[in-house]
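Student: got a structure for you, letters missing:
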C-alpha cells in the first residue's frame, strides 16, 4: 500500500472512530441529564451532540477531500475540509449561545432541583477518559497525515476534556452543598455551564478564524515574503515580480512571476522554472506555476542587446561584431533565414531587424547584415579520404608558422551537393585566450583555402592539447 492510500485509510479510520466515540458520549450525557437535571451536563450533552454532527461531517469531508482533481474541481477537493471545519464552528457558537441563555435563567430566575449522585460522578470521569483518549488518537493521525478537518476534531475533543472536568467539579460541588446544607453551592452548576460555554466560544473563535482564512485564501503571515526571497536567490532569476498563493487543505497553490535575462533560451528558462518549483516545494507542500518574463540584465553588454533584439523576432544570428570608428558605430552580423525564402522575403526580415537595432543602438549606427540560408535538411555526400590526408599533412606543417598549433587530427573531407567541405580538430595550448585561438583558426582556414582553392568551406574545432 502506498503512502497516499495509507493516509486515506488512517484518516477515514480516525474519523469513523470519532463518530462512534461521539455516539457513546452523547448517549451517556443524555442519560445523566435526565437522571440529574444538571445544566452543566445538559450543556455537555448539547456540546457532544454537535460534536457528533461535526464528527459525521468530518468523516464525509475526509472521504471527499482526498479525491483527486477532476474536470469540475481542477484544484482538487481539499476545500471540503475547510468548509467542514467552518460548519463545525457555526454549530459550536450556536450551542454556546443556548448554554449562556439557559445558565443566566438559572442564575437569576431560580434553578430546578438537581439530583447528583455517585453514578453521575463515575460516568463523567469515564467521559473525561474517553475524550482524552480520542483527542490524542485523532491528533496523532492529523499530524502524521495533515488534515484540517481531523485537526479541528482533535481540538474539539481536547477541550471536551476540560469542559467535562468543569461540569464534574460543578456537579460534585452541588452534591456536597446538598449533603452539607450549603445552598449557595447550587450556583456552581450554571457557573460550570458558563465556563463550558466560554471554552466553546474560545475554541470556535480559533477554529473559525483559521477556516475562514483558508476559505478566503488568506496567505499565512511571512510566507509570501519567504518564498520571494528564496526564489530571488536562484541561479538565472533576475527578480521576483509577484508571488500569489492560496491554500486547499494542507497544500498550497503558488503562482510566481520571475524575470530572466532576455537572451535566455526557452530551454534555459524552463530549467530555471524547474529550480524555482523545487525550491518552493522545499518551503511548503505546493503546486507551483512559474511565469517567466524577459528583461535586460543590469550591466548587459551591447552585443547581448543585439542578440536579444534578434531573438525577440525569432531570428538566428551569428558572426556578430561591432566596431567604433570616428565616433560612429558599425555593426556586422550574419542572419540565417529559411532556405526556401525568396530574396525579397529574406531582405524584408533583415530590414525589420535593422530597424529594431537602430532603435536599440541609435540612429547613427551603420548596420550590415549578411543573409544566408538556415539549413533544414540533411544532405547526402561522399568521403574524400585522399584529400583529407593531404589537408591534415598541410595543417600539421604549419606548426612552425603558428606556434600555438600542436597538431591537427580527425580530418574529414566530404563532397556534398557539388561542394567540398572540410572539418578537423586542432589541438592548442589550453591556457590561450579564446580570442587568440579564434584568430589562429581563422588564419589557418585562410591558408588551407589558398592551398586547396577547390575547398568551399573548412570548419576547425579547437581543443586543449592536454585533453587530446
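Tutor: Arrived safely. Computed from a prediction, not measured in an experiment: that's the story for all the values here.
Student: so where do the strands sit in the stretch 151-300 of the chain?
Tutor: For the stretch 151-300 of the chain, strands defined by DSSP state E, counting those that start in this stretch occupy the ranges 239-248, 251-261, 286-295.
Student: each with direction, which strands does the first one pair with?
Tutor: Partner strands for strand 239-248, per DSSP bridges, with pairing direction: strand 251-261 (antiparallel).
Student: how far does the partner strand sit from its chain's centre?
Tutor: 8 Å (CA atoms, centre = their mean, to the nearest Å).
Student: which of the residues in that strand are buried?
Tutor: Buried residues in strand 251-261, counted by 16 or more other CB atoms under 10 Å: 252-254, 256-261. For every residue, glycine as well, the C-beta is placed using N, CA and C.
Student: just those: which has the poorest pLDDT?
Tutor: Within those, pLDDT reaches its minimum at residue 252, with 81.
Student: report the beta-bridge partners for that one.
Tutor: residue 247, residue 286.
Student: next one: residue 405
Tutor: Judged by DSSP bridges, the bridge partners of residue 405 are residue 428.
Student: I'd say it and residue 444 touch.
Tutor: Yes. Contact criterion CB atoms under 8 Å: residue 405 and residue 444 qualify, at 7.2 Å.
Student: which neighbours do these two have in common?
Tutor: The contact sets of residue 405 and residue 444 overlap at 395, 398, 426 (CB atoms under 8 Å, 6 or more residues apart in numbering).
Student: with pLDDT and distance to residue 449 added, can I get those residues in JSON lines?
Tutor: Below are the shared contacts of residue 405 and residue 444 laid out as JSON lines (pLDDT from 0 to 100; distance: CB to CB, whole Å):
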{"residue": "395", "pLDDT": "96", "distance to residue 449": "12"}
{"residue": "398", "pLDDT": "95", "distance to residue 449": "13"}
{"residue": "426", "pLDDT": "95", "distance to residue 449": "15"}
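Student: just the ones in strands from the residues you listed, please.
Tutor: Of the positions in those, residue 426 sit in strands, assigned by DSSP state E.
Student: which of the shared contacts of residue 405 and residue 444 are buried, as a PyMOL select command?
Tutor: Applying 16+ other CB under 10 Å to these leaves a buried subset, and the PyMOL line that selects it is:
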select buried, resi 395+398+426
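Student: what's the distance between the spatially most central residue of the chain and residue 258?
Tutor: Note on the chain: the residue nearest the mean C-alpha position is residue 288, at 3.3 Å, using CA atoms, centre = their mean. To residue 258, residue 288 is 11 Å away according to CB to CB, to the nearest Å.
Student: intersection of neighbour lists for the two?
Tutor: Residues touching both residue 288 and residue 258 (CB under 8 Å, 6+ apart): residue 276.
Student: list of residues touching stretch 405-423?
Tutor: Here stretch 405-423 has contacts from 379-385, 387-389, 391-392, 395-396, 398-399, 424-429, 440, 444, 448, 454-461, 465, 468, using CB under 8 Å, 6+ apart.
Student: any of these buried? List them.
Tutor: The neighbour count (16+ other CB under 10 Å) marks 384, 387-388, 391-392, 395, 398, 424, 426-428, 440, 444, 448, 455, 458, 460 as buried among those.
Student: could you list which of the residues you listed belong to helices?
Tutor: Among the buried ones among the contacts of stretch 405-423, the members falling in helices (DSSP state H) are 387-388, 391-392, 395, 440, 444, 448.
Student: those: which two are farthest apart?
Tutor: Pairwise distances across those peak at 22.6 Å for 387 and 440 (criterion: CB to CB).
Student: which residue ranges of the protein form helices?
Tutor: 3-36, 39-65, 79-108, 118-144, 148-180, 188-215, 223-232, 266-283, 302-312, 343-361, 385-396, 434-451.
Student: okay, now the residue nearest to residue 337 when sequence neighbours are not counted: neighbour count?
Tutor: Leaving aside its chain neighbours, residue 337 sits nearest to residue 346 (4.4 Å; criterion: CB to CB, 6 or more residues apart in numbering). Per other CB atoms under 10 Å, the neighbour tally for residue 346 reads 19.
Student: OK, contacts around residue 346?
Tutor: Shown in contact with residue 346 (CB under 8 Å, 6+ apart): 335, 337, 371.
Student: can you list these in CSV and add pLDDT, distance to residue 52 and neighbour count?
Tutor: Output for the contacts of residue 346, formatted as CSV (pLDDT from 0 to 100; distance: CB to CB, whole Å; neighbours: other CB atoms under 10 Å):
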residue, pLDDT, distance to residue 52, neighbour count
335, 90, 76, 20
337, 88, 75, 20
371, 88, 81, 14
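Student: tell me which of those residues is nearest to residue 329?
Tutor: For the contacts of residue 346, the closest approach to residue 329 (CB to CB) belongs to residue 335, at 18.2 Å.
Student: and that closest one, what are its bridge partners?
Tutor: As for beta bridges, residue 335 partners with residue 317, residue 371 under DSSP bridges.
Student: that one contacts residue 319, correct?
Tutor: No. With contacts counted by CB under 8 Å, residue 335 stays clear of residue 319, the gap being 9.6 Å.
Student: related to what we said a few turns ago, winner for burial among the helices of the chain?
Tutor: Comparing the helices of the chain by mean neighbour count (mean count of other CB atoms under 10 Å), helix 39-65 ranks first with a mean of 24.
Student: okay, now the domains of this structure?
Tutor: Following automatic domain parsing, the chain resolves into domains at 3-215, 223-295, 302-374, 381-467.
Student: turn the ones in helices among the buried ones among the contacts of stretch 405-423 into TSV, columns for distance to residue 13.
Tutor: Output for these, formatted as TSV (distance: CB to CB, whole Å):
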residue	distance to residue 13
387	80
388	76
391	78
392	77
395	78
440	75
444	77
448	79
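Student: which among these gets closest to residue 108?
Tutor: The closest of these, once distances to residue 108 are taken by CB to CB, is residue 440, at 104.7 Å.
Student: just put the strands of the stretch 151-300 of the chain in JSON lines and tack on distance to residue 136.
Tutor: Below are these laid out as JSON lines (distance: least, CB to CB, whole Å):
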{"stretch": "strand 239-248", "distance to residue 136": "26"}
{"stretch": "strand 251-261", "distance to residue 136": "25"}
{"stretch": "strand 286-295", "distance to residue 136": "30"}
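Student: and for residue 349, nearest residue in space, chain neighbours not counted?
Tutor: Of all residues not flanking residue 349 in the chain, residue 337 sits nearest, at 5.9 Å (CB to CB, 6+ apart).
Student: pretty sure that neighbour sits against residue 353.
Tutor: No. Here residue 337 does not reach residue 353: they are 10.4 Å apart, not a contact under CB under 8 Å.
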